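S.K.: Have a look at this prediction, sequence included:
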Amino acid sequence: MDPSIKLSPAEREEHENDIYTLYINGATRRQMLKYAYENHWGLSETSIDAYIRKAKANARDDATYTEETEIGQSLHSNTE
């Protein structure tokens, strides 16, 4: 984050959610930067990149969780 910009936890969470949604819907970095600019976030590209990195990590974690859940459900249904 830009040290001169202090975001509330709610604003930070909203930005994270917006970038995550854009990421999982296939938006490019350029589209995400444009979104942040058009919505007057007032953050640097470096800050937006941090949100993008977090979105990628969260998407990876969510995919792993879903895969493990699906495997567990499949194994459970095969034992019945």
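M.R.: Thanks, I have it. What you see is a predicted model; the values in this text were computed from it and never measured.

S.K.: wait, doesn't Ala55 sit right on Tyr23?
M.R.: Yes - assessed by Cβ atoms under 8 Å, Ala55 is found in contact with Tyr23 at 4.1 Å. All C-beta atoms are positioned from the backbone trio N, CA, C, and that covers glycine.

S.K.: how close does the nearest residue to Met32 once chain neighbours are set aside sit to Leu43?
M.R.: Sequence neighbours aside, Leu22 is the residue nearest to Met32 in space, at 5.2 Å (criterion: Cβ to Cβ, 6 or more residues apart in numbering). Using Cβ to Cβ, to the nearest Å, Leu22 is found at 15 Å from Leu43.

S.K.: Report the buried residues of stretch 21-30.
M.R.: Using 16 or more other Cβ atoms under 10 Å as the test for burial, stretch 21-30 gives Leu22, Tyr23, Ala27.

S.K.: does Glu14 belong to a helix or a strand, and which?
M.R.: Assigned by DSSP states H and E, Glu14 belongs to helix 9-24.

S.K.: Only the buried residues of that helix, if you could.
M.R.: Buried residues in helix 9-24 (16+ other Cβ under 10 Å): His15, Asp18, Ile19, Tyr20, Leu22, Tyr23.

S.K.: for stretch 35-53, same thing?
M.R.: By 16+ other Cβ under 10 Å, the buried positions in stretch 35-53 come out as Tyr35, Ala36, Trp41, Leu43, Ser47, Ile48, Ala50, Tyr51, Ile52.

S.K.: can you tell me which two in these are farthest apart?
M.R.: Greatest spatial distance in those: Tyr35 and Ala50, 15.1 Å, computed using Cβ to Cβ.

S.K.: Can you pull out the low-pLDDT segments for the protein?
M.R.: Applying pLDDT under 70 to the chain flags residues 1-5, 65-70, 72-80.

S.K.: Would you map the helices across it?
M.R.: 9-24, 29-38, 45-78 (DSSP state H).
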